[in-house]
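Chemist: Make a model of this:
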Amino acid sequence: MVDGTLSYWRAGLDSVPEEVWSHPALDVLLLPDNRLTRLPDRIGTLTALHTLDLGHNRLTSVPSSLGDLTGLTRFLYLHDNLLTELPATLGALDRLAYLNVGENRLSALPATLGSMTGLVELRAQHNHLTELPGSVGALASLRELWLRGNRLSALPASVGDLRELRELELRENAFDAVPEPLRGLPSLRRVDLRGNRIGELPDWVGELPALEKLDLRWNDVEVAPGLLAELTGRGCVVLR
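Modeler: Modelled structure (predicted):
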């Protein structure tokens with residue numbers, strides 16, 4: 001262990017090493033790029049962890065005891081596994097800043113997501129999501145939301161409460177219109193809507209005060225000349 005960190009990156013592991021449990025004050029545990037299929041319940045005893053990386057493994061589930069890691073304040077990486085659901089207890093991680101659950105097999109995110117009020121960045125790309133929980137609007141600190149490669153056709157109205165949201169990636173979903181809940185978001189700077197089914201850009205997009213980049217490529221979208229002139233005239237890059 002070096003400076004409170006244990007790293008087993010690409011160590012060919014099938015299970016969590018016993019050494020881990022002898023360091024209850026561990027700050028950072030890195031287990032990416034292994035062959036882990038399960039995570040022991042006692043992971044919840046490592047309450048001093050602020051960073052946990054379990055990415056690029058073969059996990060089919062994670063235990064509810066993950067919610068006991070209330071010291072997690074920086075990163076939780078669960079990307080590129082075989083997860084079909086997440087435990088509701090994740091909502092207890094209310095100080096976590098970054099959560100990555102991308103590249104799994106999730107059809108839903110837990111309703112308790114909204115309790116993770118410390119989240120600044122949420123990545124859930126390349127899953128099977130058809131909707132987001134309404135509680136997402138409670139993530140008052142959220143600045144980045146990455147949802148590429150899902151099956152979303154709408155966003156909950158509560159997304160309109162994400163006053164700090166700056167970057168939104170909705171690429172390669174099933175939207176046939178720009179989601180109405182984005183209307184009036186004061187901090188939204190970049191929106192990626194590539195590869196959807198959007199046919200028209202609504203006038204209210206011109207009212208997004210902070211918009212710097214709007215990517216509409218790979219849609220059959222019409223943009224009114226006046227709206228396009230308004231956006232580009234103030235320096236917003238519109239790609240189509």
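Chemist: only C-alpha atoms for contact and neighbour calcs from this point on.
Modeler: Noted.
Chemist: Leaving out chain neighbours, which residue sits closest to Glu222?
Modeler: Excluding the flanking residues, the one nearest Glu222 by CA to CA, 6 or more residues apart in numbering is Glu200, at 4.8 Å.
Chemist: okay, and for the protein, where does confidence drop off?
Modeler: Counting by pLDDT under 70, the chain shows low-confidence ranges at 1.
Chemist: Helices along that one, start to end?
Modeler: 225-233 (DSSP state H).
Chemist: so how many other residues sit close to Asp161?
Modeler: Neighbours of Asp161 under the rule other CA atoms under 10 Å: 17.
Chemist: before we move on, what about the one 5 residues further on?
Modeler: The criterion is other CA under 10 Å. On that basis, Arg166 has 20 neighbouring residues.
Chemist: excluding its backbone neighbours, what's nearest it?
Modeler: Here the residue nearest Arg166, using CA to CA, 6+ apart, is Leu188, at 4.1 Å.
Chemist: where's that neighbour relative to Asn81, distance?
Modeler: 30 Å (CA to CA, to the nearest Å).
Chemist: before we move on, what about Arg58?
Modeler: Taking CA to CA, one finds Arg58 at 5 Å from Asn81.
Chemist: Out of the two, name the residue with the larger neighbour count.
Modeler: Between Arg58 and Asn81, counting by other CA under 10 Å, Asn81 is the more crowded of the two (22 against 19).
Chemist: Hmm, the more buried one is touching Arg38, no?
Modeler: No - using CA atoms under 8 Å, Asn81 makes no contact with Arg38, being 10.6 Å away.
Chemist: Find residues that contact each of those two.
Modeler: Shared contacts of Asn81 and Arg38, defined by CA atoms under 8 Å, 6 or more residues apart in numbering, comprise 58-60.
Chemist: contacting residues around the nearest residue to Pro156 once chain neighbours are set aside?
Modeler: Closest residue to Pro156 apart from its sequence neighbours, by CA to CA, 6+ apart: Gly134 at 5.6 Å. For Gly134, the contacting residues are 111, 156-159, by CA under 8 Å, 6+ apart.
Chemist: Any chance of TSV for those, columns distance to Arg95 and neighbour count?
Modeler: Output for the contacts of Gly134, formatted as TSV (distance: CA to CA, whole Å; neighbours: other CA atoms under 10 Å):
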residue	distance to Arg95	neighbour count
Ala111	17	16
Pro156	24	16
Ala157	24	14
Ser158	21	17
Val159	20	23
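Chemist: of those, closest to Ser15?
Modeler: Distance to Ser15, by CA to CA, is smallest for Ala111 among the contacts of Gly134, at 29.9 Å.
Chemist: For that closest one, give me its contacts.
Modeler: 88, 133-135.
Chemist: Report the buried members of those residues.
Modeler: 133-135 (16 or more other CA atoms under 10 Å).
Chemist: Tell me which stretches of this protein form strands.
Modeler: Assigned by DSSP state E, the strands in the chain fall at 5-7, 28-30, 51-53, 75-77, 98-100, 121-123, 144-146, 167-169, 190-192, 213-215, 237-239.
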